[in-house]
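> The amino acid sequence is not available; the structure is as follows:
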């Protein structure tokens with residue numbers, strides 16, 4: 001396997017984590 005594959009996978013994982021964290025932040029907003 002080429003290192004490019006790992007770079008792409010790492011980037012994809014980074015994007016997913018970012019999106020997941022932003023979703024969590026949106027849901028964690030207090031109403032009061």
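That came in fine, so what should we check first? Predicted, not measured: the structure shown is a model, and the values here were computed from it. Residues are numbered from 1 along each chain as shown.
> Please report the distance of the residue nearest the centre of the chain from residue 2.
The structure's the chain has its C-alpha centroid closest to residue 17; by CA atoms, centre = their mean the separation is 1.8 Å. Computed as CB to CB, to the nearest Å, the residue 17 to residue 2 distance reads 23 Å. Heads up, the C-betas are built off the backbone N, CA and C, glycines and all.
> same check, this time on residue 10
Applying CB to CB, one obtains 13 Å for the distance of residue 10 from residue 2.
> The two - which one has more neighbours?
Neighbour comparison, residue 10 and residue 2: the larger count goes to residue 10, with 10 against 7 (by other CB atoms under 10 Å).
> Can you tell me the element that one falls in?
Mapping residue 10 onto the secondary structure by DSSP states H and E places it in helix 3-28.
> and that helix, what's its mean pLDDT?
Mean pLDDT, helix 3-28: 92.
> how much distance is there from that helix to the middle of the chain?
Taking CA atoms, centre = their mean, to the nearest Å, one finds the center of helix 3-28 at 2 Å from the center of the full chain.
> how about that helix: buried residues?
Neighbour counts over helix 3-28 (16 or more other CB atoms under 10 Å) mark no residue as buried.
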